[in-house]
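Novice: prediction below, plus the sequence it came from.
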Amino acid sequence: MAISNFVKRIQDVMRNDSGVNGDAQRIEQIVWILFLKIYDAKEETWELLDDNYKSIIQEGLKWRDWAVDRKDGEALTGDGLLDFVNNTLFPTLKNLEIDETTPMRQVIVRNAFEDANNYQKDGVLLRQVINIIDEIDFTEYKERHEFGAIYESFLKDLQSAGNAGEFYTPRAVTDFMVKVVKPVLGDRIGDFACGTGGFLVSALNELDKQVGNSLENREIYNNSVFGIEKKALPHMLCVTNMLIHDIDDPNILHGNALEMDYKDMRKMEHFDVILMNPPYGGSEKDSVKANFPTVLRSSETADLFINVIMYRLKKNGRCAVIIPDGFLFGTDNGKFNIKKKLFSEFNVHTVVRMPHSVFAPYTSIRTNILFFDNTEPTKETWFYRVDMPEGYKNFSKTRPMKLEHFNDALNWWENRKEIEMDGFPKAKKYSIDEIVERSYNIELCGYPHQEEVIPEPMELIQEYQEKRASLNAEIDHVLEQITSMLGGN
């Protein structure tokens with residue numbers, strides 16, 4: 001069947017339902033229905049492979065029991081369907097009994113429904129949406145993988161769905177980061193703010209090429225990735241994404257990776273590869289900041305995630321993480337100490353400066369990719385600037401960043417050399433002594449020409465606050481040196 005217009009057909013139906021307001025609710029509505037359909041297809045496979053398999057979903061509540069319209073006039077619809085979904089299905093799935101012995105493939109059902117909602121108020125329209133989703137045969141390999149591409153375009157639509165856009169990192173960026181980090185089968189790959197699972201999928205696509213026909217390799221593949229996501233909608237999106245990509249036991253937790261004492265983090269699983277785009281521009285509660293040593297506390301969420309990465313990256317492990325410009329130039333106490341620890345204990349070998357509007361329309365905050373590994377202290381760091389492609393003034397939903405825009409960076413990665421353009425450095429190597437001398441202000445190889453970008457008011461305020469804090473810290477540092485030279489206290 002042709003499923004290229006799958007999302008559009010559902011959206012057209014939902015627009016007539018008064019209970020669904022806006023893209024964010026429409027997406028959440030599609031996702032819980034889609035999750036149950038995909039999960040039921042997976043369960044059919046598990047039942048065939050294991051005669052002793054027992055579902056956590058009781059009879060009568062499985063997709064096959066109530067959602068499939070067999071055209072015999074018996075399918076639930078209208079008020080009867082609404083009553084079943086609101087008063088039986090949701091309450092039961094939200095309160096499924098689980099314990100430490102419950103397999104992850106079953107735990108995800110309750111996790112997925114903890115904060116889910118049925119927004120539709122018209123039972124006839126709900127039946128129409130269910131029937132469209134039921135047309136897809138997820139037990140057929142070709143159709144399931146064709147749907148993977150549809151799901152990707154569906155996730156991209158999140159970028160125009162208000163705050164939901166924060167959960168999607170452009171595929172070109174995740175693919176570039178995976179290409180240079182080079183995950184191999186057997187690596188444990190983690191993302192502690194995984195959103196819809198973009199980094200994990202890019203990594204899985206790379207690992208899938210290494211599986212071959214080996215069942216043992218397929219089992220290793222199935223246990224390769226781990227994610228944590230704080231918010232309900234992207235968590236369910238990510239779990240569904242993993243099921244689509246043949247991860248039968250998605251180890252995707254619903255929680256906040258920052259809400260754990262750093263001493264406990266040290267005892268938890270460490271990872272060979274960490275790929276992340278942590279939230280930035282936000283501020284955590286004091287109780288969350290208190291989970292970290294005093295010198296490593298920061299008001300910026302992204303800074304705290306750098307701490308988490310440092311505690312959970314395995315010896316010889318490698319990391320690629322997206323960070324805002326504020327992390328580069330910031331020299332306030334928190335950022336200074338975090339960067340000092342990072343450069344002193346890890347090998348920060350590369351910083352890639354990305355052009356503006358990569359994350360448009362969600363945010364115009366400038367971003368960078370920090371690459372480091374847990375091998376040795378930093379001796380030198382390369383900075384490389386990715387320029388806006390010729391003919392582009394801004395990236396947008398209709399003209400997004402593509403992997404080909406990283407071609408020059410990929411070529412440079414394997415054959416590093418310093419590059420100067422129009423009198424400004426595009427690629428340059430700095431020694432650790434030079435970086436320390438700058439008080440870890442690593443805003444280097446930046447953009448010589450200011451693009452015509454007007455940030456959102458709150459983004460502008462955030463940027464000014466970070467620059468003011470950085471400037472104050474630099475002034476304090478100079479005053480301390482002068483006072484020390486004069487022999488004062």
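Specialist: Great, that's in hand.

Novice: helix, strand or coil for residue 206?
Specialist: Secondary structure assignment for residue 206 (DSSP: H, G, I helix; E, B strand; the rest coil): helix.

Novice: give the contact list for it.
Specialist: If a contact means Cβ atoms under 8 Å, 6 or more residues apart in numbering, then residue 206 has 178, 179, 182, 183 as its contacts. Yep, even glycine has a C-beta here, placed from its N, CA and C like the rest.

Novice: and the furthest pair within those?
Specialist: When those are compared pair by pair using Cβ to Cβ, the two farthest from each other are 179 and 183, 9.9 Å apart.

Novice: when the two are compared, which one has more neighbours?
Specialist: When residue 179 and residue 183 are compared on other Cβ atoms under 10 Å, the one with more neighbours turns out to be residue 183, at 22 against 17.

Novice: what's the pLDDT at the more buried one?
Specialist: Here the pLDDT value assigned to residue 183 is 97.

Novice: ramachandran coordinates for it?
Specialist: The phi and psi values for residue 183, taken as degrees, to the nearest 10, are phi -70, psi 150.

Novice: residue 422 too?
Specialist: According to degrees, to the nearest 10, the main-chain angles of residue 422 amount to phi 50, psi 40.

Novice: and the closest residue to it other than its chain neighbours, how far from residue 430?
Specialist: Leaving aside its sequence neighbours, residue 422 sits nearest to residue 448 (Cβ to Cβ, 6 or more residues apart in numbering; 6.5 Å). For residue 448, the distance to residue 430 under the criterion Cβ to Cβ, to the nearest Å works out to 18 Å.

Novice: these two: who's more crowded?
Specialist: Using other Cβ under 10 Å as the criterion, residue 448 and residue 430 rank with residue 430 on top: 19 against 13.

Novice: so what does the more buried one look like in phi/psi?
Specialist: The phi/psi pair for residue 430 (degrees, to the nearest 10) is phi -120, psi 140.

Novice: just residue 293 next, same as before
Specialist: In this entry, residue 293 is assigned phi and psi values of phi -60, psi 150 (degrees, to the nearest 10).

Novice: which residues does stretch 193-202 contact?
Specialist: For stretch 193-202, contacts defined as Cβ under 8 Å, 6+ apart pick out 155, 158, 166-169, 171, 174-175, 177-178, 189, 191, 225, 227-230, 234, 237-238, 241-242, 245, 252, 257, 275-279, 305.

Novice: and the residue nearest to residue 295 when sequence neighbours are not counted, how far from residue 18?
Specialist: If the residues on either side of it in the chain are set aside, residue 295 comes closest to residue 337, at 4.5 Å by Cβ to Cβ, 6+ apart. Per Cβ to Cβ, residue 337 is found 53 Å from residue 18.

Novice: residue 320 reaches residue 369, doesn't it?
Specialist: Yes. Applying Cβ atoms under 8 Å, one finds residue 320 in contact with residue 369, separated by 5.9 Å.

Novice: more neighbours, those two?
Specialist: residue 320 (25 against 21).

Novice: isn't there a helix covering the more buried one?
Specialist: No. Remark: residue 320 does not belong to a helix; assigned using three-state DSSP, it is strand.

Novice: what bridges to it?
Specialist: In this entry, residue 320 is beta-bridged to residue 275, residue 371, by DSSP bridges.

Novice: pretty sure residue 67 contacts residue 130?
Specialist: Yes. Between residue 67 and residue 130 a contact is recorded at 5.2 Å, counting by Cβ under 8 Å.

Novice: coming back round to it: just the ones in helices from the contacts of stretch 193-202, please.
Specialist: Among the contacts of stretch 193-202, the members found in helices (DSSP state H) are 155, 171, 174, 175, 177, 178, 234, 237, 238, 241, 242, 305.

Novice: how about the strands in the protein?
Specialist: Counting by DSSP state E, the chain has these strands, from start to end: 189-191, 225-229, 252-254, 271-276, 313-324, 347-353, 367-373, 380-385, 419-421, 424-431.

Novice: so which of these comes closest to residue 120?
Specialist: The stretch from the strands of the chain with the least distance to residue 120 (Cβ to Cβ) is strand 252-254; that distance is 23.4 Å.

Novice: the closest one pairs with which strands?
Specialist: The strands beside strand 252-254 in its sheet (DSSP bridges) come out as strand 225-229 (parallel).

Novice: what comes into contact with the strand it pairs with?
Specialist: Here strand 225-229 has contacts from 188-195, 197, 200, 203-204, 235, 238, 242, 247, 251-257, 269, 271, using Cβ under 8 Å, 6+ apart.

Novice: how far off centre is that strand?
Specialist: Here strand 225-229 shows a centroid-to-chain-centroid distance of 9 Å under the convention Cα atoms, centre = their mean, to the nearest Å.

Novice: let's see it as PDB, backbone CA atoms only.
Specialist: This file holds the C-alpha atoms of strand 225-229, laid out as PDB (Å, rounded to 0.1, in the frame of the first residue of the first chain):
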ATOM      1  CA  VAL A 225      21.500   1.800  22.800                       C
ATOM      2  CA  PHE A 226      20.300   3.500  26.000                       C
ATOM      3  CA  GLY A 227      18.300   6.700  26.400                       C
ATOM      4  CA  ILE A 228      16.700   8.900  29.100                       C
ATOM      5  CA  GLU A 229      14.000  11.400  28.300                       C
END
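
Novice: care to break this protein down by domain?
Specialist: If the domains of the chain are taken from automatic domain parsing, they occupy 6-138, 170-193+257-479, with pieces of a single domain joined by a plus sign.

Novice: present these as JSON lines; the columns should include distance to residue 209.
Specialist: Formatted as JSON lines, these follow (distance: least, Cβ to Cβ, whole Å):
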{"stretch": "domain 6-138", "distance to residue 209": "23"}
{"stretch": "domain 170-193+257-479", "distance to residue 209": "9"}
